[in-house]
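Peer 1: Kindly generate the corresponding structure for this input.
(one chain, ligands or ions: 3)
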Amino acid sequence: MLGMDETLAVALAAAKAAGALHLEGLGRVRQVRTKGHNDLVTDVDVAAEAAIRAIIGEAFPDHAIVGEESGGTLTDGPCWVVDPLDGTTNYAHGFPFFAVSIAWCIDRKPVLGVIHQATSRETFWALEGRGAFLNGQPIHVSAVPEPSGALVATGFAADVGLDPRNTTEFLAALKKVQAVRRPGSAALDLAAVACGRFDAFWEYGLAPWDVAAGALLVTEAGGRVSAVDGGSFALEARTILASNGLLHETFRDVLTVPAGDQA
Ligand code: IPD
Ligand code: CA
Ligand code: CA
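Peer 2: Residues are numbered from 1 along each chain as shown. Ligands and ions are numbered 1, 2, ... in the order given. Alright, predicted model coming up:
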């Protein structure tokens, strides 16, 4: 049985292999198909997942793997949760904001997370109880105490039109924070909260592979992760609010409490 450091080394090797494929295919994506309304998949998504599965599968033949492109079931016990290319729409348009996200979970809780953005050569990783790092340096969430001084981010699931909270909460945030961004990679948005670039991030409809590594990064960097309504976070809950902790409750109220009822 490999220790945590060796397990991290495998995850980093898998993330770097995926990142190399991202760069190789950037600007010359050969196939883009849709797997749902506005939900794209390129040949690079598929190739990156195959590369990740090969590396993890060789090191840990008895671990479960859940990947966005080839499936699998989130199980109790050791389970890898993989988004081979988070930000596919950006990728397909040549907008360089995308990453690979790999988490190792025990009993459905992330204990190791790696997010690698090949274009910026930034590799984020976190281990439960050991902190969060960017290119080997410890990172920490921001110290912004109030929504009024905050740069926050959100995202929209491919079926954005179906959930009215997407628009009501986006407008509510716009009125109360310094600025709102919608960069297009939930994994990188969470990594940005972890290293203090964003003060908070929220989204509905995300899958476990979008949030597993990033949620661990945020908590290990000193931040807080919950459901948007403040309930407890779970990989399969399809609701996430991540923040620096300091503004968590006030920002949750900005999103979820009608303006006239806020403190
Ligand atoms: C998407 C990105 C995007 C988020 C979507 C996700 P994908 O993942 O994370 O930022 O808003 O909800 O589906 O499809 O590019 O891996
Ligand atoms: Ca994703
Ligand atoms: Ca993806």
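Peer 1: And the residue of the stretch 101-250 of the chain closest to ligand 2?
Peer 2: residue 210 (4.2 Å; CB to the ion). Heads up, the C-betas are built off the backbone N, CA and C, glycines and all.
Peer 1: what's the burial count for the closest residue to that residue other than its chain neighbours?
Peer 2: Distances taken as CB to CB, 6 or more residues apart in numbering place residue 186 nearest to residue 210, at 4.3 Å, with adjacent residues excluded. Residue 186 has 28 neighbours, counted by other CB atoms under 10 Å.
Peer 1: and the gap between residue 186 and residue 225?
Peer 2: Distance of residue 186 to residue 225, computed by CB to CB, to the nearest Å: 12 Å.
Peer 1: buried residues in stretch 99-109?
Peer 2: The neighbour-count check on stretch 99-109 (16 or more other CB atoms under 10 Å) flags 99-105, 108 as buried.
Peer 1: Now the residue of the stretch 151-263 of the chain found nearest ligand 1. Its backbone dihedrals?
Peer 2: Residue nearest to ligand 1 within the stretch 151-263 of the chain: residue 155 (2.7 Å; CB to the nearest ligand atom). Dihedral pair for residue 155: phi -150, psi 170, per degrees, to the nearest 10.
Peer 1: Just the element for residue 173, please.
Peer 2: helix 165-176 (DSSP states H and E).
Peer 1: roughly how far is that helix from the heart of the chain?
Peer 2: Remark: helix 165-176 is offset 21 Å from the chain centroid, using CA atoms, centre = their mean, to the nearest Å.
Peer 1: buried set for it?
Peer 2: 165-166, 169-170, 172-173, 176.
Peer 1: could you point out which element follows that helix?
Peer 2: Counting by DSSP H and E, what follows helix 165-176 is strand 179-181.
Peer 1: Give me the contacts around that next one.
Peer 2: 151-154, 170, 173-174, 198 (CB atoms under 8 Å, 6 or more residues apart in numbering).
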